[in-house]
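> Build me a structure from this.
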Amino acid sequence: MLRSAPIGRHPTPAARHYRRLRSIALGLKHHRLSWSGRTGSRRRSEAVWDGSGVIVAILDTGIGPHPYLDPFLLPGYDFIDDDEDPSDLGDGIDSDEDGTVDEGAGHATHVAGIIHAVAPRATLLPVRVMHSEGQGSVFSIARGIYFAVDRGARVINLSLTLLAGSPSVGEALEYAASRGVIIVTSAGNAGRDEPVEFPSGEPIVISVAATDLEDQKASFSNYNAQVDLVAPGVSILSLYTLESAQFATWTGTSMSAPFVSGASALVIQAVPELPAVEVANTLYGTARNIDALNPGYIGMLGHGRLDIATLMTELPSPPPPVPAMDWGFLELAPHLGIFGPEIQPSGGGCILAHNLWKIARMAAQQREITAEYKEAA
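Residues are numbered from 1 along each chain as shown. The predicted structure is shown next:
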């Protein structure tokens, strides 16, 4: 039985979402925000790679509906219900009888939101291979992989793990790899080095473990010689499907893998003809060594922590900047303590992308935000 790899989710309404944005921007201090100019003015975005033209398949609990993602979704498939509606919604039933209803609902939407933040114009292919409890069969995942490859996916995100190998999934992975697809998997959340969970131990995938806010291995994250990269995985803010909270923070290696999937889309957009192994090597070669911060895990955290800012310096020059956009909503920032001089771009690392402004804007439009903020203050 396949299971998604999150630790916990926390739906986040409007004003609390702003404070969460600040904690992400400040806590993940290696995240670089790529804007320029004066807060509150109209600005012209810096030229950046954004994933345009790259299809990223997300094999998970479905996606959305969500207003940020809907314009970027391809028609997908639901291999759980065997229909063409791969929505990421709960059914209100405790299917696994563990006392918690729909604990996997929203998982894929959260994963998709991270990919969308890193590569905001990548096309997302929703493939539902797990139900709303976050579980599925090896047959659904295998069928999903074939479907994704045949629909043109260049990247497949697998934020899921299995304790034992599966020949059917293994063959599907080989099929994807033979067609030049980048396969990104989560390393698992058991906080151990053995057994290596499947498919993260396979040589044809990029296995991603999790770091915390201090670039140290997250306490829950698996670690082993098969890990290829690490990326943030603690209290990651992203999109969610509940009507009352379209954003949530979630923790797990499930949240680490999509950072790498998004970064892969950027590399593929920049150099479309680059073989999959070279895409991976580009990510590895620009990763930041964090051995000094993790002396007990040397050789167990792959090539280091994903560093998209450094990665960008190794890619060809991107196309011209996009037209000017209205950044006036950021005038709210000083009152809420989100964006300030302490987070001016410095250093490299994962990007919660130039797309971060979109998340802030939507939160600002929530009707309750002023009242909630004043009440919290």
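
> which residues touch residue 112?
58, 63-64, 66, 69, 124, 126, 239, 258 (Cβ atoms under 8 Å, 6 or more residues apart in numbering). All C-beta spots, glycine's among them, are computed from the backbone N, C-alpha and C.

> Quick check: it vs residue 307, distance?
Residue 112 sits 22 Å away from residue 307, taking Cβ to Cβ, to the nearest Å as the criterion.

> ok, now residue 203?
23 Å.

> between those two, which one's more packed in?
Taking neighbours as other Cβ atoms under 10 Å, residue 203 and residue 307 compare with residue 307 leading, 26 against 8.

> Need the phi and psi values for that one.
phi -130, psi 90 (degrees, to the nearest 10).

> so it touches residue 289, yeah?
No. Counting by Cβ atoms under 8 Å, residue 307 sits too far from residue 289 to count as a contact (9.7 Å).

> Check what pLDDT residue 99 gets.
Looking at residue 99, its pLDDT stands at 67.

> swap in residue 108?
92.

> Would you mind measuring from it to residue 251?
16 Å.

> ditto for residue 135
19 Å.

> again with residue 219
10 Å.

> which of these two has more neighbours?
residue 251 (22 against 11).

> wait, isn't the more buried one in contact with residue 233?
Yes. Counting by Cβ under 8 Å, residue 251 does reach residue 233; the two are 6.4 Å apart.

> ok so, going back, which residue in the contacts of residue 112 has the weakest pLDDT?
Lowest confidence among those: residue 64, with 84.

> To which secondary structure element is that one assigned?
Assigned by DSSP states H and E, residue 64 belongs to neither a helix nor a strand.

> Next, the distance between the ends of stretch 77-86.
5 Å (Cα to Cα, to the nearest Å).

> What of stretch 187-204?
OK, stretch 187-204 end separation, Cα to Cα: 14 Å.

> Show me which residues of that stretch are buried.
Residues of stretch 187-204 classed as buried: 187-190, 196-202, 204 (neighbour count, 16 or more other Cβ atoms under 10 Å).

> same question, stretch 160-176
160-162, 166, 169-170, 172-173, 176.

> For burial, what's the neighbour tally of the closest residue to residue 61 other than its chain neighbours?
Leaving aside its sequence neighbours, residue 61 sits nearest to residue 108 (Cβ to Cβ, 6 or more residues apart in numbering; 4.3 Å). Residue 108 is flanked by 32 other residues according to other Cβ under 10 Å.

> Could you check which helix or strand contains residue 108?
helix 107-118.

> What is the least confident helix or strand in the protein?
Lowest on mean pLDDT, DSSP states H and E among the helices and strands of the chain sits helix 333-336, with a mean of 30.

> Can you report phi and psi for the closest residue to residue 75 other than its chain neighbours?
What sits nearest to residue 75 in space, not counting adjacent residues and going by Cβ to Cβ, 6+ apart, is residue 84, at 6.7 Å. When read as degrees, to the nearest 10, the backbone of residue 84 gives phi -100, psi 20.

> tell me the contacts of the closest residue to residue 153 other than its chain neighbours?
Nearest non-adjacent residue to residue 153, counting by Cβ to Cβ, 6+ apart: residue 57, 3.8 Å away. By Cβ under 8 Å, 6+ apart, the contact set of residue 57 is 124-125, 127, 144, 148, 151, 153, 155-157.

> tell me which of those is nearest to residue 214?
Distance to residue 214, by Cβ to Cβ, is smallest for residue 157 among the contacts of residue 57, at 25.4 Å.

> What helices and strands are in contact with the helix or strand hosting residue 279?
Per DSSP H and E, residue 279 falls inside helix 276-285. If contacts are counted by 3 or more Cβ pairs under 8 Å, 6 or more residues apart in numbering; DSSP states H and E, helix 276-285 sits against strand 182-186, helix 253-270, helix 308-314.

> Could you say whether residue 67 sits in a helix, a strand or coil?
Here residue 67 is recorded as coil under DSSP: H, G, I helix; E, B strand; the rest coil.

> which stretches of this structure have low pLDDT?
1-47, 91-92, 94-104, 242-245, 319-377 (pLDDT under 70).

> does the residue nearest to residue 61 really touch residue 69, like I thought?
No. Taking contacts as Cβ under 8 Å, residue 108 lies outside contact range of residue 69: 10.0 Å.

> overlap in contacts of the two?
residue 63.

> For this structure, which segments count as helices?
Secondary structure of the chain (DSSP state H): helices at 14-27, 107-118, 138-150, 167-178, 253-270, 276-285, 308-314, 333-336, 356-364, 369-376.

> and the residue nearest to residue 259 when sequence neighbours are not counted, what are its bridge partners?
Nearest non-adjacent residue to residue 259, counting by Cβ to Cβ, 6+ apart: residue 231, 4.0 Å away. On the basis of DSSP bridges, residue 231 is bridged to residue 210.

> Look up how far residue 306 lies from residue 231.
Distance from residue 231 to residue 306, by Cβ to Cβ: 4 Å.

> now do residue 120
17 Å.

> Residue 50: which of the contacts of residue 112 is nearest?
residue 124 (13.3 Å).

> contacting residues for that closest one?
55-58, 63, 69, 72-74, 112, 115-116.

> Bridge partners for it, pull those for me.
Assigned bridge partners for residue 124, using DSSP bridges, are residue 56, residue 73.

> Contact partners for residue 64?
Per Cβ under 8 Å, 6+ apart, neighbours of residue 64: 70, 73, 87-88, 109, 112, 126, 241.

> Need phi/psi at it.
The phi/psi pair for residue 64 (degrees, to the nearest 10) is phi 70, psi -160.
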